[in-house]
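Peer 1: Need a 3D model of the following:
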Amino acid sequence: MKVERRPIPEEELATFEEAGACGTAAVISPISRIDDPETGKSYTFGNGKPGPWSEKLYNKLRGIQYGTEPDEFGWTTIIEGL
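Peer 2: Predicted coordinates:
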């Protein structure tokens, strides 16, 4: 997947099929709607359900966390004896 980090102009939101957010707990959370109170516009994504890319990213991340997917980036540390 090609990744971009950039500001998103509001008018571009209408072209999105999915939207999501990542927090410090490294969980992928789908965004179902973004509201602009200044213009009264709402942008909806995925009918309230995660889209295919959100699901794929979530499943991959959880697989790395649980050891069922390879950790190619060295993100996890196994702590013995707990």
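Peer 1: And the strands in this structure, which stretches?
Peer 2: 20-22, 28-30, 33-36, 41-44 (DSSP state E).
Peer 1: Nearest to Ile64 among the ones you listed would be which one?
Peer 2: Proximity to Ile64, assessed across the strands of the chain by C-beta to C-beta, is greatest for strand 28-30 (12.1 Å). Heads up, the C-betas are built off the backbone N, CA and C, glycines and all.
Peer 1: Return the list of helices and strands in contact with that closest one.
Peer 2: In terms of contacts (3 or more C-beta pairs under 8 Å, 6 or more residues apart in numbering; DSSP states H and E), strand 28-30 is packed against strand 20-22, helix 52-66.
Peer 1: need the least confident one among these, by mean pLDDT.
Peer 2: The minimum mean pLDDT among the helices and strands packed on strand 28-30 belongs to strand 20-22 (a mean of 84).
Peer 1: Neighbouring strands - and their directions - for it?
Peer 2: Its sheet considered, strand 20-22 pairs with strand 28-30 (antiparallel) by DSSP bridges.
Peer 1: Can you list the buried residues in the strand it pairs with?
Peer 2: Buried residues in strand 28-30, defined by neighbour count with 16 or more other C-beta atoms under 10 Å: Ile28, Pro30.
Peer 1: With stretch 23-34 instead?
Peer 2: Under 16+ other C-beta under 10 Å, the buried positions of stretch 23-34 are Ile28, Pro30, Ile31, Ser32.
Peer 1: Point out the least confident member of the residues you listed, please.
Peer 2: Ile28 (80).
Peer 1: neighbours of the residue lying closest to that one once chain neighbours are set aside, just the number please.
Peer 2: Nearest residue to Ile28, sequence neighbours excluded (C-beta to C-beta, 6 or more residues apart in numbering): Tyr58, at 4.4 Å. A total of 16 residues lie near Tyr58 under the criterion other C-beta atoms under 10 Å.
Peer 1: Pretty sure Tyr58 sits against Ala21.
Peer 2: No. With contact defined as C-beta atoms under 8 Å, Tyr58 does not reach Ala21; the gap is 11.8 Å.
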